[in-house]
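Peer 1: task: produce atomic coordinates for the following.
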Amino acid sequence: MKLTITRNKNNTTYYLCETFRVGKKVSSRTISRIGTEKELKAKFGEDFDAEQYARDFVAKANKAQEENKPLPVTLQFNTNELTNLDEQRIVDVGYLPLQKILYGLGIDKIAKEIKNHINLVRFM
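Peer 2: This next block holds a predicted model:
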């Protein structure tokens, strides 16, 4: 992963990007927006070195990727913002998170045994 810096006349923005290859073509995608220089200085203080923070963030992400650890995710919520009641903000992922737990406990085998036992009882 690499650090991508975009500069314009008003601000500097830091992004965590990943480079990958599709066939012979090399492409990149943005993994995370680290923040703007103004945002980081407002959060950590005026004397804060935002670019060094971004470089350290990328180094930590690379180390986590080498160790096959998940990347840290930061979610921002504004508690003062009212949400529209007609807008859906939760997505149903179905049974997938529970499937691993159920198979790990052997519930699928227990259910099959019960079903086979019920079928045997019906035919007797």
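
Peer 1: in stretch 39-59, what counts as buried?
Peer 2: 40, 41, 50, 53, 54, 57, 58 (16 or more other Cβ atoms under 10 Å). Heads up, the C-betas are built off the backbone N, CA and C, glycines and all.

Peer 1: how about the fourth one: what's its closest non-neighbour residue?
Peer 2: Yep, that's residue 53 we're talking about. residue 40 (6.1 Å; Cβ to Cβ, 6 or more residues apart in numbering).

Peer 1: try the last one
Peer 2: With sequence-adjacent residues excluded and distances taken as Cβ to Cβ, 6+ apart, residue 58 is closest to residue 3, at 4.6 Å.

Peer 1: surely the one you found is in a strand?
Peer 2: Yes: assignment of residue 3 by DSSP: H, G, I helix; E, B strand; the rest coil places it within a strand.

Peer 1: follow-up on the earlier one: not counting the strand or helix carrying the residue nearest to residue 53 itself, show me its contacts.
Peer 2: Using DSSP states H and E, residue 40 sits within helix 37-44. Residues outside helix 37-44 that contact it (Cβ atoms under 8 Å, 6 or more residues apart in numbering) are 11, 12, 13, 14, 34, 35, 48, 50, 51, 53, 54.

Peer 1: circling back: ok, the residue nearest to residue 53 to residue 48 distance?
Peer 2: 6 Å (Cβ to Cβ, to the nearest Å).

Peer 1: returning to that earlier point: for the buried residues of stretch 39-59, work out which two are farthest apart.
Peer 2: 41 and 58 (18.6 Å; Cβ to Cβ).
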